[in-house]
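K.L.:
sequence first, then the predicted structure, then my questions.
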Amino acid sequence: MLYKLNSVNGKFDKFEPVTYKDFASFGNIEKDLENLIASSILDVLFEESSLMPIFQERQRQAEADIYALDENGELIIFELKRSSAGEGAVHQVLRYAQDAGQWSYSKLQDKYRKYSNVETELTEAHREAFNLEHALHAKEINNKQRLIVIGSAADDNLINAVDYWKKQGISIEFLPYRIYEIGQEKYFEFFALPYDKHKNPGDIKGVLFDTNRSWDEESIWDMMENSRVAAFGDAKRFVEYIYPGDIVFFSHKWSGLVAAAKVKNGDIKAPDGDTLYRDVEFITPVPKKGTAPKAMPFKKVSEITGKSFFWARTIKVPYLSREEAMNLAEALKQYLEINT
């Protein structure tokens, strides 16, 4: 809930609740909400969560809105509701879970391949995404299902229905959203489990950023030689998630971290329609084109930070605090100097 702080003579004297709305208040169809959340769920709304999206609802199909896998191979099923939905929405998602629980590994893999437009084995894609030492066995994929219903905070019937089934032992959670109109702007409020942890955008953070090796072997050299952090195509939006002062670690697929840099002041640059970048100042040795770049292995990165990262994204979550980023940067600098 959002409250306005009222003050008298410079002293806060009371909280005033701010009226909120849902998507239906603005005439938006449910698909708008689904597409908005689906495109932002791992990058913004669940920035600290490691979830691998594998499938999204198709039109005129009896399916949930979004399906994802966690590190253990459990299937996370998201159902999104734009306005009052009631207990019927919960019955619907329970049916989806029942159906999905009976999907064979090959059927789930087919769905993933169509969604991702790849021919990769699902177990191998999952292993790479979570940097597992060994891939899960096919029978470990989708061995359990967890349900997440996202809906308006004002929908008491929906909330009560979720609470009921949760008490019956069903693995289900309700995540509320609210929309506020303040001035001429609209604001979206969302509560991510377990306790709505998000980095303050104003705080300096450490970000592990992909060099785009899967698609272009040369993109790393564009960044190294021009002192920039860049992203391309559909992934270019990730540059918008880093800010001046942040510490960026360049993550080179199949190798490890090859360099670290501080993001310089200045706006995001767009040299063409497929590229966004920010200028950086390197704080570690910089690899030179013509030789294989030296790299700190991903396993060692996890040992130093004490964190497990989700490696299948342009930005590898979780983010690092400023202190964690500086410690990793110093360790990376020493590692590269010794191994150069």
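P.N.:
Yes, it's here. Numbers count the residues shown, from 1 in each chain.
K.L.:
in the longest strand seen in the chain, what's buried?
P.N.:
Using DSSP state E to define each element, the chain has its longest strand at strand 172-182. By neighbour count with 16 or more other CB atoms under 10 Å, strand 172-182 contains the buried residues 172, 174, 175, 176, 177, 178, 179. For glycine as for every other residue, the C-beta is placed from the backbone atoms N, C-alpha and C.
K.L.:
and which of those residues is nearest to residue 72?
P.N.:
Of all the buried residues of strand 172-182, residue 72 sits closest to residue 172, with 17.6 Å by CB to CB.
K.L.:
helix/strand/coil for the residue lying closest to the closest one once chain neighbours are set aside?
P.N.:
Using CB to CB, 6 or more residues apart in numbering and skipping residues adjacent in sequence, the residue nearest residue 172 is residue 147, 4.1 Å away. The local conformation at residue 147, judged by DSSP: H, G, I helix; E, B strand; the rest coil, is strand.
K.L.:
do the same with residue 169
P.N.:
At residue 169 the chain is in coil, as set by three-state DSSP.
K.L.:
next one, pLDDT for it please.
P.N.:
Model confidence at residue 169, given as pLDDT, is 92.
K.L.:
quick check: phi and psi on it?
P.N.:
phi 100, psi 0 (degrees, to the nearest 10).
K.L.:
only C-alpha atoms, please: export the longest strand of the chain in CSV.
P.N.:
Provided in CSV are the C-alpha atoms of strand 172-182 (Å, rounded to 0.1, in the frame of the first residue of the first chain):
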residue,chain,number,x,y,z
ILE,A,172,0.2,-21.9,-4.3
GLU,A,173,0.9,-18.2,-3.7
PHE,A,174,-0.9,-14.9,-4.4
LEU,A,175,1.1,-11.9,-5.6
PRO,A,176,-0.9,-8.7,-5.5
TYR,A,177,-0.5,-5.6,-7.7
ARG,A,178,-1.9,-2.1,-7.5
ILE,A,179,-1.9,0.8,-10.0
TYR,A,180,-1.7,4.4,-8.8
GLU,A,181,-2.4,7.6,-10.7
ILE,A,182,-0.3,10.4,-9.4
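K.L.:
packing partners for that strand?
P.N.:
Contact analysis of strand 172-182 by 3 or more CB pairs under 8 Å, 6 or more residues apart in numbering; DSSP states H and E lists strand 145-152, helix 156-167, strand 185-190 as its packing neighbours.
K.L.:
continuing past the last one, what's the next helix or strand?
P.N.:
As assigned by DSSP states H and E, the chain's next helix or strand after strand 185-190 is strand 206-210.
K.L.:
give me the contact list for that next one.
P.N.:
Strand 206-210 is contacted from outside by 229, 231, 235, 238, 241-242, 246-251, 253, 257, 301, 309, 313-316, 319-322, 324-326, 328-329, using CB atoms under 8 Å, 6 or more residues apart in numbering.
K.L.:
pull the distance from the longest strand of the chain to the chain's centre.
P.N.:
Taking CA atoms, centre = their mean, to the nearest Å, one finds the center of strand 172-182 at 18 Å from the center of the full chain.
K.L.:
if we can go back for a sec, hang on, the residue nearest to residue 172 packs against residue 91?
P.N.:
No. Judged on CB atoms under 8 Å, residue 147 makes no contact with residue 91 at a distance of 11.6 Å.
K.L.:
which of those two has more neighbours?
P.N.:
The neighbour count for residue 147 versus residue 91, taken as other CB atoms under 10 Å, is higher for residue 147 (24 against 12).
K.L.:
that one: what's it in contact with?
P.N.:
The neighbourhood of residue 147, defined by CB under 8 Å, 6+ apart, consists of 77, 79, 93, 94, 97, 170, 171, 172, 173.
K.L.:
I am finished for the moment; much appreciated.
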